[in-house]
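S.K.: here is the input, now give the coordinates:
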Amino acid sequence: MFETYTNLQVYLAIVLAPLIGSVLTGIFGTYMSKRMAHTITISGVALSFLLSLVVFNYHILHEMPDYNQNIYTWLKTENLTFSIGFLIDSLTAMMLVVVSFVSLMVHIYTIGYMADDNGYKRFFSYISLFTFSMFMLVMSNNFMQLFFGWEAVGLVSYLLIGFYYKKESAIFANLKAFLVNRVGDFGFILGIAAVLMYFNSLDYVEVFKQAPQFKDAMIEIMPGEQWSLMTVICILLFIGAMGKSAQAPLHVWLPDSMEGPTPISALIHAATMVTAGIFMVSRMSPLYELSDTALSFIIYVGAFTAFFMGLLGIIQNDIKRVVAYSTLSQLGYMTVALGVSSYSIAVFHLMTHAFFKALLFLAAGSVIIGMHHVQDIRQMGNLKKYMPITYITSLIGTLALIGFPGLSGFFSKDSIIEAVHYSTLPAAEIAYYAVLSGVFITAFYSIRLFILVFHGKERMDEHTKHHLKESPWVVTLPLILLAIPSIAIGWMTIEPMLYGDYFKSAITINSVAHPSLSILSESFHGGLAMITHGLQTLPFWLMVAGVTSAWFLYVIQPELPGKIKAMFLPIYKLLENNYGFDQFNQWFFAAGSRKLGGFLSSIGDALLIDGLVVNGSAKTVAWFASVIRKVQTGYLYHYAFTMLFGLIVLLIYVLN
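M.R.: Numbering: from 1, shown residues only. As a prediction, this is how the structure comes out:
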């Protein structure tokens, strides 16, 4: 009976069901009705979700042994074999449930959100293809397949961000996302190349088995400079994660990616693609545990992102951009958790965040539908009167995001803060203050958004107000279903995932060198005790301060924010300009690349290729032909003389 639920056919069905739906809708969509298109794709993702639940059930309840098998050999050389295979362990099982459930909710939601869009069937094909790509990424058992899934989600993200391909801002946003991720992926592929060079394998198990032998190995990248091999590999791989998981300075693509339709904001940029980097580092924990330098680098990057990207959320007025900057900040929290070797806490927050952030994005989409696609929160207000289901579910998502005691975000965010507090790495001290400050910032901008959208006076025009109503059931049903795990999933899973044996075979931690999680486990006495203790801690009171401040500024004294803005205008301008990251990228990468391309074009193309190779060879042939042409006179005695002269030269050569 056990094998019936865990054989290869089940895993293949999980992966291939959304792919088949995507291909059928993409190729034959012209001949399908809208209903048939969404029925095919939703059925495929629903099947994947049900089978993922079966796999997860056996891992968490029946302690199913890990599955690690190659399906087929893709390429074989004398010393290397590149295979396609599946690694199904507890980490994979959790990711399968998260990806498939959020994807299913987005598919259902899309029926209502994209109902009048001309690209309806194309959109369903894309999001099913994206789901397939994420499955290939999280189920891979080797670096080559990981890279395939990594690049596939990047490609589909490019297509979805630029879904409205006739819109200039969408074209700019998808190109920006594509190019920024190429920067990260350059580091990622160099890291994979280094793994192949020194480990002579791309198989996870084989690489992890050999890793301790290379702990003290040094390599010479530049003459006379010795570098730790494991530090180089881990940092290069993490640079890839910085691109996918939008860590500063490779974060600039994420806010602009809101140009895509709202459902894809929930799928790609809240729940799945941006968490690929977090998943990858957790999967590579046996490597990262061998380099404290790499872990410290990760801590600094995550702390900077968590704090400074959160500040940007305070000044945003586009409803989707506020949630997008919230995602950046929360990804920073996950990254800091990775840096202090609390990988299980990082993926725990990944899971809880996936549910409540998808909920917030889809709720924002519901508001946008009701507001006839107005996204400026300054033109909203008192929507709780018109959209009660959206209001209640948004409240749940907001409370989970700010870490309100008892909701899922509380368990994961407080665990991260405590883990950083107990870390012995030097970088953890500054990170602790960054993530602690982030609690106040998150509460402030989240409640600011909630108040301006759902409370206060109605600031929309009369036409919009007259037509305001709750969204259809295909929109509100996913909100309700996402609200349930946003409330309960943290309470239900914290003990087995963080302090039990759920991740014992999937994640490796050197508890002596990195004791944060083991210290936390000693003081954990259940979810209720954690809530009770949480009410007495600094993060709780910082959250209360953030909520109170937002309520005071936007309800009690709504004229104050404008005055504060005027007083601190230089700081506001700095935040408005994203700390200058966009300008720097435009100047250094975009303009710099164009100038470098122009220089290389003038040197390489104009001078070398056109000047020497093409035009030079033509001129050489023309000159040689002009000389030879003079020999061809047409007189017989000239040819006879030439033959005689040649014969004499040949005889002299032979006789000598």
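S.K.: and residue 199, what is it in contact with?
M.R.: By C-beta atoms under 8 Å, 6 or more residues apart in numbering, the residues touching residue 199 are 206-207, 210-211, 214. Where C-beta positions appear, they are placed from N, C-alpha and C, glycine not excepted.
S.K.: ditto for residue 560
M.R.: 552-553.
S.K.: give me the pLDDT for it.
M.R.: Looking at residue 560, its pLDDT reads 92.
S.K.: tell me how far it lies from residue 575.
M.R.: Separation of residue 560 from residue 575 (C-beta to C-beta, to the nearest Å): 18 Å.
S.K.: extract the CA atoms of the strand or helix carrying residue 654 and return them as PDB.
M.R.: Element membership of residue 654 [criterion: DSSP states H and E] is helix 636-655. The C-alpha coordinates for helix 636-655 follow below in PDB (Å, rounded to 0.1, in the frame of the first residue of the first chain):
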ATOM      1  CA  LEU A 636      51.800  33.300 -77.100                       C
ATOM      2  CA  TYR A 637      55.500  34.200 -76.900                       C
ATOM      3  CA  HIS A 638      55.000  35.700 -73.400                       C
ATOM      4  CA  TYR A 639      53.600  32.400 -72.200                       C
ATOM      5  CA  ALA A 640      56.400  30.400 -73.900                       C
ATOM      6  CA  PHE A 641      59.000  32.700 -72.200                       C
ATOM      7  CA  THR A 642      57.300  32.200 -68.800                       C
ATOM      8  CA  MET A 643      57.300  28.400 -69.300                       C
ATOM      9  CA  LEU A 644      60.900  28.400 -70.300                       C
ATOM     10  CA  PHE A 645      61.900  30.600 -67.400                       C
ATOM     11  CA  GLY A 646      60.000  28.300 -65.000                       C
ATOM     12  CA  LEU A 647      61.700  25.200 -66.400                       C
ATOM     13  CA  ILE A 648      65.200  26.800 -66.000                       C
ATOM     14  CA  VAL A 649      64.400  27.600 -62.300                       C
ATOM     15  CA  LEU A 650      63.100  24.100 -61.700                       C
ATOM     16  CA  LEU A 651      66.300  22.500 -63.200                       C
ATOM     17  CA  ILE A 652      68.600  24.700 -61.200                       C
ATOM     18  CA  TYR A 653      66.700  23.700 -58.000                       C
ATOM     19  CA  VAL A 654      66.900  20.000 -58.800                       C
ATOM     20  CA  LEU A 655      70.600  20.000 -59.900                       C
END
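S.K.: buried ones in it?
M.R.: The neighbour-count check on helix 636-655 (16 or more other C-beta atoms under 10 Å) flags nothing as buried.
S.K.: what does stretch 136-156 give?
M.R.: Of the residues in stretch 136-156, 136-154, 156 count as buried by neighbour count, 16+ other C-beta under 10 Å.
S.K.: correct me, but residue 417 touches residue 435?
M.R.: Yes - using C-beta atoms under 8 Å, residue 417 makes contact with residue 435 at a distance of 5.4 Å.
S.K.: residues contacting the residue nearest the centre of the chain?
M.R.: Nearest to the mean C-alpha position of the chain, counting by C-alpha atoms, centre = their mean, stands residue 274 at 1.9 Å. Contacts here follow C-beta under 8 Å, 6+ apart; on that basis residue 274 touches 244-246, 254, 268, 327, 331.
S.K.: what do you get for residue 428?
M.R.: Counted by C-beta under 8 Å, 6+ apart, residue 428 has contacts 299, 339-340, 420-421.
S.K.: for residue 519, same thing?
M.R.: residue 422.
S.K.: and residue 287, what element?
M.R.: helix 285-288.
S.K.: scratch that, residue 227 is what I was asking about
M.R.: Taking DSSP H and E as the definition, residue 227 sits inside strand 226-228.
S.K.: buried residues in that strand?
M.R.: In strand 226-228, counting by 16+ other C-beta under 10 Å, buried: residue 228.
S.K.: which strands and helices sit next to it?
M.R.: Applying 3 or more C-beta pairs under 8 Å, 6 or more residues apart in numbering; DSSP states H and E, one finds that strand 226-228 contacts strand 218-220.
S.K.: what about the strands in the chain?
M.R.: With DSSP state E, the ranges of strands along the chain come out as 67-76, 81-88, 218-220, 226-228.
S.K.: of all those strands, which one is nearest residue 385?
M.R.: strand 81-88 (48.2 Å; C-beta to C-beta).
S.K.: need the contact partners of that closest one.
M.R.: 6, 8, 11, 55, 66-76, 139-142, 144-145, 202-204.
S.K.: drop anything exposed from the residues you listed.
M.R.: 6, 11, 55, 66-67, 70, 139-142, 144-145, 202-204.
S.K.: which of the residues you listed lies closest to residue 225?
M.R.: residue 202 (27.1 Å).
S.K.: thought that closest one was touching residue 191?
M.R.: No - assessed by C-beta under 8 Å, residue 202 is found out of contact with residue 191, at 11.5 Å.
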